[in-house]
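Engineer: The sequence and its predicted three-dimensional model are supplied below.
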Amino acid sequence: MAIKYELIKECKQTGARLGRLHTPHGIIETPIFMPVGTQATVKAMTPEELKEMEAQIILSNTYHLYLRPGHDLVKEAGGLHKFMNWDRPILTDSGGFQVFSLGELRKITEEGVTFQSHIDGSKHFLSPEKVMEIENALGADIIMAFDECAPYPADHDYVKKSLERTTRWAVRCKDAHTNTENQALFGIVQGGMYKDLREQSAKELIALDFPGYSIGGLSVGEPKELMYEVLDYTAPLLPKDKPRYLMGVGSPDALIEGVIRGIDMFDCVLPTRIARNGTAMTSVGKIVIKNAKFTRDFSPLDPNCSCYCCKNYTKAYLRHLYKADEILSSRLMSTHNLHFLIDLMKQVRQAIMEDRLLDFRNEFFERYYGISHL
RNA sequence: GCGGCUGUCGUCAAGCGGUUAAGACAAAGGACUGUGACUCCUUCAUACGUGGGUUCAAUUCCCAUCAGCCGCC
């Protein structure tokens, strides 16, 4: 087996899980936030910088690397770890989400997905077998099954057909995935916002005995309360001895709420994307650095932060960099936001250890959102 | 001093008889959740150098004046 999940303890206040995930490239402490590096790079960050902020695992993307530079080339380079100079664990997403976000450019059939490259318009075909070939070539520690992420809203009938196809694709992925010693294949639970469908999807996938499970099809535009409701009844369906990964979630509140509902892993482009667009997450809430009120603010982004950005630079300087369209703006803001979420999860783990995650949540929400959220 | 050209939002700049006076940049605010994203959205000239005149109507035509630029002495 490529990975092994070790449940250390459950928070007495919330039931949140504290654990360790053993992978071929090291141990990950869970719950964890995974920075996203779609194109074999976490945008604007070097691996050394990611290590300095204590990133333990990063995510990359099958769809993008298949189109460019091509999985054969990555394999020729010695695999994704070597290619991008990252020796810690990597998870690759399957391209299922791109099928969803590509919209007009794709056509889904039982066999797979025909789509046009967003880069040059060329036609391609991805099937579960092809995706496994690509992910095997890339060589990540954890690889995702090829799924369909249903849109929101979607009617019951469509979501049911979609999830059943995702299950059939999961079977095909499992059959096609041979490198089980070095790469753990995760199944993806779908089912939209329907309880019976989430139950059906979870049941079908658990029967296939994957080393880990993720919950997909959330954070696709539905209200947060609805997402929490889906998590409330979906997470408990999953095996306790396997890691649970909520895909695409990264706002501080959703991370905490997810952990409370039993999630172990998260990934999201949010911290790096909003960083590049000038927004920082801080211990006292969001900051839009371009706002005029920061023109002469010579204090750090977050007074309670120990990241490289906060230790060395002021809001006034960061605002200047952003407005001047300087590359360093993206680098420093990304450094901070990633550090912020990684550190948030560290605090969450500590709170679970001490059986006070609910207290931590309430304190955090009050500081970050200025509301009790009780 | 004499010719010529130009004066429209902080900047550049369309419009040349009846327009809600384009657009771009800047500025101000917002969004972003398995990255098609240094992207996207919103707001931003009762005002067209100034004063007269012609006209039903003038940023658009005429005169004067001021300012800038380019020539020539």
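Structural biologist: The structure has been received and is ready for your questions. All of these numbers come straight from a predicted model, not from anything done at the bench.
Engineer: Which residue ranges of the stretch 1-150 of chain A form helices?
Structural biologist: A:47-52, A:62-67, A:71-76, A:80-84, A:96-101, A:128-138 (DSSP state H, counting those that start in this stretch).
Engineer: so what's residue A:329 closest to, chain neighbours aside?
Structural biologist: residue A:321 (3.8 Å; CB to CB, 6 or more residues apart in numbering). The way it works is simple: take the backbone N, C-alpha and C, and place the C-beta from them, glycine included.
Engineer: same thing with residue A:344?
Structural biologist: residue A:252 (6.0 Å).
Engineer: cool, and residue A:331?
Structural biologist: residue A:44 (4.7 Å).
Engineer: For the helix or strand containing the residue nearest to residue A:329, list the C-alpha coordinates in CSV.
Structural biologist: Element membership of residue A:321 [criterion: DSSP states H and E] is helix A:315-323. Coordinates of each C-alpha in helix A:315-323 appear next as CSV, following Å, rounded to 0.1, in the frame of the first residue of the first chain:
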residue,chain,number,x,y,z
LYS,A,315,1.0,47.4,4.1
ALA,A,316,2.1,50.7,2.5
TYR,A,317,4.9,48.9,0.6
LEU,A,318,2.7,46.0,-0.4
ARG,A,319,0.1,48.4,-1.7
HIS,A,320,2.7,50.2,-3.7
LEU,A,321,3.9,46.9,-5.1
TYR,A,322,0.4,45.8,-6.1
LYS,A,323,-0.4,49.1,-7.7
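Engineer: What is the burial count for the residue nearest to residue A:331?
Structural biologist: Number of residues near residue A:44 (other CB atoms under 10 Å) recorded here: 19.
Engineer: returning to what we had before: which residues sit in contact with the residue nearest to residue A:344?
Structural biologist: A:281, A:340-341, A:344, A:364, A:368 (CB atoms under 8 Å, 6 or more residues apart in numbering).
Engineer: Does anything pack onto the helix holding residue A:321? Which helices or strands?
Structural biologist: helix A:327-353 (3 or more CB pairs under 8 Å, 6 or more residues apart in numbering; DSSP states H and E).
Engineer: what's the next secondary structure element after the helix it packs on?
Structural biologist: helix A:357-369.
Engineer: mind listing what residue A:230 touches?
Structural biologist: A:193, A:195, A:198, A:215, A:218.
Engineer: try residue A:319
Structural biologist: A:289-291, A:294-295, A:297.
Engineer: what about 10 Å?
Structural biologist: Contact analysis of residue A:319 by CB atoms under 10 Å, 6 or more residues apart in numbering lists A:278, A:287-297, A:329.
Engineer: Report the entries of those residues that also contact RNA strand B.
Structural biologist: On the criterion CB under 7 Å from any atom of the strand, A:278, A:288, A:290-293, A:295 are the entries of the contacts of residue A:319 that sit beside RNA strand B.
Engineer: which of those residues tops the neighbour count?
Structural biologist: Neighbour max across these (other CB under 10 Å) = residue A:278, 19 neighbours.
Engineer: wait, it sits on residue A:315?
Structural biologist: No. In this structure, residue A:278 is not within contact of residue A:315 by CB atoms under 10 Å, at 11.4 Å.
Engineer: Now do the shared contacts for these two.
Structural biologist: In contact with both residue A:278 and residue A:315: A:287, A:289, A:291, using CB under 10 Å, 6+ apart.
Engineer: Arrange those residues in a markdown table, one row each, with secondary structure and pLDDT as further columns.
Structural biologist: Formatted as a markdown table, these follow (DSSP: H, G, I helix; E, B strand; the rest coil; pLDDT from 0 to 100):
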| residue | secondary structure | pLDDT |
| --- | --- | --- |
| A:287 | strand | 96 |
| A:289 | coil | 98 |
| A:291 | coil | 97 |
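Engineer: between these, which is closest to residue A:82?
Structural biologist: Nearest to residue A:82 among these: residue A:289, at 35.8 Å, using CB to CB.
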